[in-house]
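# coords please:
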Amino acid sequence: MRNLERFLPGFNHVLCGKPPKTTFTQFQEKLHKLRGSTLSELSHIFEGLIPLDKLCSRANGAHSRTRIYSHSVSFFGFLHQVLSPGMPCREVVRKVQSFCSEKKLPLPDSDNAAYCRARGKLDDEVLETIHTHVSEKVQQRVLADQRWKGRDVKVIDGTGITLPDTPENQEEFPQPARQLPGCGFPVMKVVACFCLASGALLKWVETELKRHESRILVKFIEFFRPGDVVLTDRGFSSYGNLAALSAKGVDAVMRVHQARKLDYRKGKALGPLDRLVEWVKPQRPKGWDEDHWASLPAVMTLRIVRIRIEVKGFRVRQYDLVTTLLDASDYTVDDLAELYFRRWAVELFFRHIKTTMGMEMLRCKTPKMVRKELR
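Below is the predicted model of the structure:
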């Protein structure tokens, strides 16, 4: 049927029905519903995902006494505030007052000081446990055919998140050096690890903007399991990272760093522009522990591949990849090209967090609370 949209807007929908909603639209609708819910509704929505037993009152310490702003109320109030960009603390207090009225509990004062103190006492370990529980729930929904070659792929990349311009934030997460003092905002660099199949955020490291991403990958190594495949861009590509991952039993697919010169005439040929080569361990870079660096092998056998990515309407791109997947029959050049092309999905994962959820700029005024907001 001819497209009549140009001359009769909307008429095509009458004949053919409405087009299906995109995943992005569905996500926005769910987020809009969450932002309009009460604290009771919010806790009910997340009941199957969040381990509510972790939010029970403690035997001693913070949130041990019976108060209006209990551990659970403080958590869901803060969660509501994070999901709703621009929501002031006083609005959260009104949500809590509505919750208390519904449960026939004493109403809190309209002042937001008590709520701010309560959310500041939220335990980082509890927040980390809740996040781990949620990410595991998401990963359990991954089907076998969604894995790459039957293996779990973890994709790592970094991004910057703007923070409120306070002295505390400026001290720990300074603004970009090219900006004059007083003309910019503090920026936190977040290096995150995602599950490629589900898009679940598994782990992250926050640091200052000037710190190089390559040195941060070491902090993820203990988190990986033998048999995982780590997929990264060239910013993480280095001998140390490849050797450390291999020692853990984890394979890697990385774009070769621009500073390394490749020669496809050397090494063992596996195919056109597909070679097994030996890389020699360089001098210990800054940021590496001396004992850890000494434990890495002096020479590594790696595979370098040149791939072509052709997308209709765009220029053909060529990329040099380095990988520890040495078997060319099990992992062909096309397989590696397809996997590296999927790496761009990480930009969509960051877009959902920063743009869709409104977290391009966090709102808390201190590094301690910024970390809680990010969790």
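# from Gly182, how far out is Gly199?
From Gly199 over to Gly182 the distance is 38 Å, taken as CB to CB, to the nearest Å. For glycine as for every other residue, the C-beta is placed from the backbone atoms N, C-alpha and C.
# brain fart, Ser70
Look at Ser70 and Gly182: by CB to CB, they are 41 Å apart.
# settle it for me: which of these two has more neighbours?
Neighbours were counted for Ser70 and for Gly182 using other CB atoms under 10 Å; Ser70 has more, 16 against 8.
# three-state assignment of His80?
The three-state label for His80, taken from DSSP: H, G, I helix; E, B strand; the rest coil, comes out as helix.
# residue boundaries of the strands in this protein?
In chain order, the chain shows strands spanning 153-162, 187-195, 201-208, 229-232, 251-255, 268-271, 274-280, 299-309, 317-323, with DSSP state E as the criterion.
# got any ranges where the stretch 1-150 of the chain has weak pLDDT?
1-37, 41, 55, 57-66 (pLDDT under 70).
# helices along that one, start to end?
If you assign secondary structure with DSSP state H, counting those that start in this stretch, the helices in the stretch 1-150 of the chain sit at 11-16, 23-35, 39-45, 71-83, 89-102, 113-120, 124-139.
# what distance separates the third one from the centre of its chain?
Computed by CA atoms, centre = their mean, to the nearest Å, the chain-centroid distance of helix 39-45 equals 25 Å.
# in JSON lines, list the strands of the chain along with mean neighbour count.
Converted to JSON lines, those look like this (neighbours: other CB atoms under 10 Å):
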{"stretch": "strand 153-162", "mean neighbour count": "21"}
{"stretch": "strand 187-195", "mean neighbour count": "21"}
{"stretch": "strand 201-208", "mean neighbour count": "18"}
{"stretch": "strand 229-232", "mean neighbour count": "25"}
{"stretch": "strand 251-255", "mean neighbour count": "24"}
{"stretch": "strand 268-271", "mean neighbour count": "13"}
{"stretch": "strand 274-280", "mean neighbour count": "15"}
{"stretch": "strand 299-309", "mean neighbour count": "18"}
{"stretch": "strand 317-323", "mean neighbour count": "18"}
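# just checking, Met357 touches Leu83?
Yes - in this structure, Met357 sits in contact with Leu83. The criterion is CB atoms under 8 Å, and the distance is 7.0 Å.
# before we move on, back to that, point out the most buried one among the helices of the stretch 1-150 of the chain.
Across the helices of the stretch 1-150 of the chain, averaging neighbours per residue (mean count of other CB atoms under 10 Å) puts helix 71-83 on top, at a mean of 22.
# and it, how far out from the chain's middle?
21 Å.
# now it - C-alpha only, CSV.
Listed next in CSV are the C-alpha coordinates belonging to helix 71-83 (Å, rounded to 0.1, in the frame of the first residue of the first chain):
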residue,chain,number,x,y,z
HIS,A,71,15.4,2.7,56.6
SER,A,72,12.7,1.7,54.2
VAL,A,73,10.9,5.1,54.0
SER,A,74,14.2,6.9,53.6
PHE,A,75,15.3,4.5,50.8
PHE,A,76,12.1,4.7,48.7
GLY,A,77,11.8,8.5,49.3
PHE,A,78,15.4,8.9,47.9
LEU,A,79,14.7,6.5,45.1
HIS,A,80,11.6,8.5,44.1
GLN,A,81,13.7,11.7,44.2
VAL,A,82,16.4,10.1,42.0
LEU,A,83,13.8,8.9,39.5
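# for that helix, packing partners?
Under the contact criterion of 3 or more CB pairs under 8 Å, 6 or more residues apart in numbering; DSSP states H and E, helix 71-83 touches helix 23-35, helix 39-45, helix 89-102, helix 113-120, helix 367-374.
# one more pass at 10 Å, please.
In terms of contacts (3 or more CB pairs under 10 Å, 6 or more residues apart in numbering; DSSP states H and E), helix 71-83 is packed against helix 23-35, helix 39-45, helix 89-102, helix 113-120, helix 124-139, helix 367-374.
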